[in-house]
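Colleague: Fold the following for me, if possible:
(chains A, B, C and D)
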There are 2 protein chains.
Amino acid sequence: MHHLDEIDIAILKHLQKNGRAQRNKLAKIVNLSVPSVSERMRKLEEKKLIDGYHAVLNAQKFNFDIVAFIFVEVDNSSYHGSFVEKVVLEPEVQECHSITGDGSHILKITTENTVSLEKLLSRIQSWEGVKKTRSNIVLSTFKQTREIPLDHQEKAVEV
Amino acid sequence: MHHLDEIDIAILKHLQKNGRAQRNKLAKIVNLSVPSVSERMRKLEEKKLIDGYHAVLNAQKFNFDIVAFIFVEVDNSSYHGSFVEKVVLEPEVQECHSITGDGSHILKITTENTVSLEKLLSRIQSWEGVKKTRSNIVLSTFKQTREIPLDHQEKAVEV
DNA sequence: GATGAAAATACGCATTG
DNA sequence: CAATGCGTATTTTCATC
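Modeller: Residues are numbered from 1 along each chain as shown, chains lettered A, B, ... in the order given. Predicted coordinates for the structure are as follows:
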């Protein structure tokens, strides 16, 4: 149980933007010694405040031209477990959430072209319990990040 | 103009999973010297195949308990520019895409609680051109990644 | 601050177009 | 023979103790 201070917040804010930032650079920014920054990073990771560090690739350059959101209605609960298992194994499915409202689940998918999209859709539709899907294809993306606003966190976070 | 080989793919696959992987570790994995790996990484970044490196934080631990997808109908084109400007400045909006189908845009948002959600929604609804919104709140997340499947890329990617 | 690890640099060699 | 890519050796930078 511990409280994050402004320095932790500053480190995290920076690591959200630059996940490969070196410890000495971070030390300059927060005006601390390198070992202190290292220790803070260790603790932040230990407390699982940091889920992971990832390189984000430019999907278009890899010929993944289609992004879509797919609403999936899954038959009540009985098939839910197997649905999730399938989802996890499908690399083109980047996200899967259960949601309130119409379709019981929303998937975010990335795929190469309309041919592969059609294949993916029919694969999804073949999964046990899948009753209906509705797709919204992304035309353009104006913003995409997983950054969390950390500006009023000093007072809030208890770990 | 250049072709990615299996070694580039292996490096990228690894960096997608571990964005802070050290160059000497990568060198071991792909059986190359450290300078060679560095040079490849430099080129991959230079070609903008890697968009960036980011620490992903555990939103729940920072009291961001609500994730939602919000469909927004924006008045045809005339207000579109200002809508995107607003979106970009709103830190709780993590994603904004224009899509085919019903609502013209889909937002993915993260916010602390129902109170802040309500505030965010009314802010969005106050933006010029916003005619209608529909929200789907995320109940649970089963998968969430931005990894791209890189298994058949050797033959495909031209840069 | 000292020690050790990791990365940047400089150079030569090999392969290829 | 110019260009590219790799490796070794060396220096410099970075991280741990």
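
Colleague: what residues are up against residue A:67?
Modeller: Residues in contact with residue A:67 (C-beta atoms under 8 Å, 6 or more residues apart in numbering or on different chains) are A:59, A:108-110, A:137-138, A:141, B:97. (Each C-beta comes from the backbone N, C-alpha and C, glycine too.)

Colleague: Would you map the helices across chain A?
Modeller: Secondary structure of chain A (DSSP state H): helices at A:6-17, A:23-30, A:34-46, A:80-89, A:114-126.

Colleague: just checking, what packs against the first one?
Modeller: So the one you mean is helix A:6-17. On a contact count with 3 or more C-beta pairs under 8 Å, 6 or more residues apart in numbering or on different chains; DSSP states H and E, helix A:6-17 meets helix A:23-30, helix A:34-46, strand A:50-57, strand B:50-57.

Colleague: got any ranges where chain A has weak pLDDT?
Modeller: Counting by pLDDT under 70, the low-confidence segments of chain A come to A:1-2, A:103, A:154-159.

Colleague: Show me what from it comes close to DNA strand D.
Modeller: Proximity of chain A to DNA strand D (C-beta under 7 Å from any atom of the strand) is limited to residues A:22-25, A:34-35, A:38.

Colleague: so what's the residue in chain A sticking out farthest from the centre closest to, chain neighbours aside?
Modeller: When distances to the mean C-alpha position of chain A are computed (C-alpha atoms, centre = their mean), the maximum falls on residue A:33, with 31.7 Å. Taking C-beta to C-beta, 6 or more residues apart in numbering or on different chains, and ignoring the residues beside it in sequence, residue A:33 has residue A:27 as its nearest neighbour in space, at 6.1 Å.

Colleague: Which single one of the contacts of residue A:67 is nearest to DNA strand C?
Modeller: Distances from DNA strand C to the contacts of residue A:67, taken as C-beta to the nearest atom of the strand, are shortest for residue A:59 (25.9 Å).

Colleague: Which parts of chain A belong to which domain?
Modeller: A:2-54, A:59-137 (automatic domain parsing).

Colleague: mind giving me TSV with those domains and columns for distance to residue B:129?
Modeller: Formatted as TSV, the domains of chain A follow (distance: least, C-beta to C-beta, whole Å):
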stretch	distance to residue B:129
domain A:2-54	30
domain A:59-137	20
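
Colleague: Figure out which of those is closest to DNA strand C.
Modeller: Shortest separation from DNA strand C across the domains of chain A is recorded for domain A:2-54, at 5.9 Å, computed as C-beta to the nearest atom of the strand.

Colleague: Please compute how far the closest one lies from its chain's middle.
Modeller: Using C-alpha atoms, centre = their mean, to the nearest Å, the distance from the centre of domain A:2-54 to the centre of the chain it belongs to is 20 Å.

Colleague: do stretch A:58-73 as well
Modeller: So, by C-alpha atoms, centre = their mean, the centroid of stretch A:58-73 is 14 Å from its chain's centroid.

Colleague: can you tell me the distance between the two ends of that stretch?
Modeller: Distance between the boundary residues of stretch A:58-73 (C-alpha to C-alpha, to the nearest Å) amounts to 31 Å.

Colleague: Can you point out the buried residues in it?
Modeller: Under the neighbour-count criterion of 16 or more other C-beta atoms under 10 Å in any protein chain shown, stretch A:58-73 has A:59, A:61-64, A:66-72 buried.

Colleague: nearest to residue B:119, of the residues you listed?
Modeller: Set against residue B:119, the nearest of the buried residues of stretch A:58-73 by C-beta to C-beta is residue A:69 (24.7 Å).

Colleague: In this structure that closest one contacts residue A:133, no?
Modeller: No: distance between residue A:69 and residue A:133: 10.6 Å, which falls outside the contact criterion (C-beta atoms under 8 Å).

Colleague: what's around residue A:146, how many residues?
Modeller: Applying other C-beta atoms under 10 Å in any protein chain shown, we find 19 other residues in the vicinity of residue A:146.

Colleague: my guess is it contacts residue B:94, does it?
Modeller: Yes: look at residue A:146 against residue B:94 with C-beta under 8 Å: they come within range, at 6.3 Å.

Colleague: Spit out the contact partners of the residue nearest the centre of chain A.
Modeller: Computing the C-alpha centroid of chain A and ranking residues by C-alpha atoms, centre = their mean puts residue A:146 first, at 6.3 Å. By C-beta under 8 Å, 6+ apart, the contact set of residue A:146 is A:16, B:54, B:56-57, B:94, B:146.

Colleague: now it: how far from residue A:120?
Modeller: Noted for residue A:146: a distance of 23 Å to residue A:120, by C-beta to C-beta, to the nearest Å.

Colleague: How about residue A:83?
Modeller: Distance check for residue A:83 against residue A:120: by C-beta to C-beta, it reads 15 Å.

Colleague: for the residues of chain A next to DNA strand D, which one is nearest residue B:8?
Modeller: residue A:22 (23.7 Å).

Colleague: Does residue A:133 touch residue A:125 like I think?
Modeller: Yes: contact criterion C-beta under 8 Å: residue A:133 and residue A:125 qualify, at 6.1 Å.
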